[in-house]
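Undergrad: fold the following, please.
(chains A and B)
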Amino acid sequence: MTDTIKTENRKGFLVDTSRCIGCRSCQVACKQWNKLDADKTKNQGTFENPRDLTPALYNRIKFVEKADDKGEMSWRFLNERCMHCGDAGCMKVCPSPGALYRTKDGIVAYNRDKCISCKYCVSACPFNIPRYDQDEKVSKCHLCLDRIGGGMAPACAKACPTETLKFGSRSELIAKATAAKKTLYGVDDLNGLGVVYALEGPPEQYGLTANPSIPFSIFLWKDVIKPLGILGFWGSIGAMLLHYVTIGPKRIEEEHEEGKEAGHDQ
Amino acid sequence: MISRYIERFSTRERVLHWFVTVTFFTLLLSGLGLYSRLFTGYFNLFGNGINAILVHKIAGVLFFVSSVLLFLDNRTRVTEFDEDDREWFRQGGGYLTREDSNLAVGKFNAGQKMFAVFIGLATLILGITGMFIWAPALFPRWIVQLSLMLHGLMFVGSIMFVVVHVYLATIGNPGTLEAMLWGRVSRAWAKHHHPKWYKEVTRENQ
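TA: Got it, this is the predicted structure:
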């Protein structure tokens, strides 16, 4: 199963962080549409809540609170969720065909019934997004497959009051944002992210890696060791067969030895 | 009259060896589907992927314990390499020619020692990385990522060594498999393949 993606059909988000007011309507709308339970959280002295994605929280607003030299507070809000990578680490490692799959819109969707609970996707995700629920099944943002299939916007984008979350044709959204001279994140990384951000500063300030990539160990595992291993296995079988028919087995001249020994013993 | 045969492996060694073998091949069959989607059909042997993972975990624990035990039983013999072993390596164990090589070999030849040490090490690495892969949420992500890579690498090394091991212990050296099946080898076999060991045991017996 190869992961192919058609750029022209690709749908996605453009997240204009400059417009976000941190209202978290997206979080709530997602919970409501996908019928996800509330997570019990603790007040940890910040407005950010919850502090991390959970199996019942597919997207959240990350609060980046920072004081400058003069003690002026600045807030940055980042909608955190599955990025629907063009080259998706989760899909690369998933051993169960059809558990994680790509839709014709380029979305990384999943089928809980086919998930075999290996959790490889958790380790292979460049953004640390997939979570496992109490049934040991993968859970993450699936871009409201059921809604967009019916021509509607995903619940989060529908609920966003400031149009921070814009959903639509990925290439059109990028073209518009580029024309508006926005600094974009995720246009080319990992064969293009399905969630492209317009940022107001360096990605690191939002807790994003500047050049996201599939974790190096995962790349070595799947793109180097796996193919070479298969080659090595058949190579060693071939080498043994070749040895057998060229140099051949080490036979012992049993009869001869036996006769000699028998004579000696008697 | 002296028996035509001499004992090579005790009952305990043989049972342990075949226990390791069975768990190894169970791990192989249940792990292939996890190694690549190319081998997803192997999941069917266990019903589905979830069962295959369960079998892989159980067989993993059994393999780890038995393989470590097998290594510890032979730890001195397989880790001491001497000048004769170096000579064995220099001549490729005599396997590169049809001529008799007359190498001075003890109970295990240098290749067998190398195989034992590799499998011992691989068992440790596969066991430890397997534990991280078993419960990834309890460990930092980079450790689990590294473990997935090392687990695959050690598997590949092991299976390649095992192919050679099976070949040399069966059709490559007729008379060898018997040692592991019923414990005895012919004197001719012992003199030919392990002359130093042959002298050692015959001296003890007389």
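Undergrad: quick one, strands of chain B?
TA: For chain B, the strands defined by DSSP state E occupy B:5-7, B:184-186.
Undergrad: so which bits of the least confident helix or strand in chain B by mean pLDDT are buried?
TA: Evaluated with mean pLDDT, DSSP states H and E, the helix-and-strand set of chain B has its lowest mean pLDDT in helix B:195-205, which scores a mean of 87. Neighbour-count burial for helix B:195-205, counted by 16 or more other CB atoms under 10 Å in any protein chain shown, picks out B:W197, B:Y198. Bear in mind the C-beta positions are built from the backbone N, C-alpha and C, glycine included.
Undergrad: check which helices and strands it sits against.
TA: On a contact count with 3 or more CB pairs under 8 Å, 6 or more residues apart in numbering or on different chains; DSSP states H and E, helix B:195-205 meets strand B:5-7, helix B:187-193.
Undergrad: show me the contacts for the residue nearest the centre of chain A.
TA: For chain A, A:C125 is the residue whose C-alpha lies nearest the centre (CA atoms, centre = their mean; 3.7 Å). The contact partners of A:C125, by CB atoms under 8 Å, 6 or more residues apart in numbering or on different chains, come to A:G89, A:C90.
Undergrad: please apply the same query to the one 5 residues further on.
TA: The neighbours of A:P130, taking CB under 8 Å, 6+ apart as the test, are A:C82, A:C90, A:C121, A:V122, A:V138, A:S139, A:K140.
Undergrad: go back to the residues you listed and keep what's next to chain B.
TA: The overlap between the contacts of A:P130 and the neighbours of chain B (CB under 8 Å from any CB of the partner chain) comes to A:V122.
Undergrad: before we move on, what's the pLDDT of the residue of the stretch 51-200 of chain A found nearest chain B?
TA: Per CB to the nearest CB, A:I116 is where the stretch 51-200 of chain A lies closest to chain B, at 3.3 Å. Note on A:I116: pLDDT of 97.
Undergrad: which strands or helices does the longest helix along chain B pack on?
TA: The helix that spans the most residues within chain B, counting by DSSP state H, is helix B:141-169. Other helices and strands packing on helix B:141-169, by 3+ CB pairs under 8 Å, 6+ apart, are helix A:120-124, helix A:216-219, helix A:226-246, helix B:11-35, helix B:110-134.
Undergrad: state the mean pLDDT of the last one.
TA: What it means is helix B:110-134. Helix B:110-134 shows a mean pLDDT of 98.
Undergrad: need the contacts of A:P130 in a markdown table (columns: neighbour count, distance to B:F155 and pLDDT).
TA: Supplementary listing: the contacts of A:P130 in a markdown table, determined by neighbours: other CB atoms under 10 Å in any protein chain shown; distance: CB to CB, whole Å; pLDDT from 0 to 100:
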| residue | neighbour count | distance to B:F155 | pLDDT |
| --- | --- | --- | --- |
| A:C82 | 25 | 30 | 98 |
| A:C90 | 25 | 22 | 98 |
| A:C121 | 26 | 20 | 98 |
| A:V122 | 20 | 21 | 97 |
| A:V138 | 26 | 24 | 97 |
| A:S139 | 22 | 29 | 97 |
| A:K140 | 25 | 29 | 98 |
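Undergrad: quick revisit: columns distance to A:A56, mean pLDDT and mean neighbour count on top of the strands of chain B, output as CSV?
TA: Formatted as CSV, those follow (distance: least, CB to CB, whole Å; pLDDT from 0 to 100; neighbours: other CB atoms under 10 Å in any protein chain shown):
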stretch, distance to A:A56, mean pLDDT, mean neighbour count
strand B:5-7, 64, 94, 16
strand B:184-186, 64, 94, 20
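Undergrad: closest one to B:G172 among the ones you listed?
TA: Go through these one by one with CB to CB and the one that ends up closest to B:G172 is strand B:184-186, at 15.1 Å.
Undergrad: now what about that closest one, what contacts it?
TA: Counting by CB under 8 Å, 6+ apart, strand B:184-186 makes contact with A:I252, A:E254, B:R4, B:Y5, B:I6, B:E7, B:R8, B:G175, B:T176, B:E178, B:A179, all of which sit outside it.
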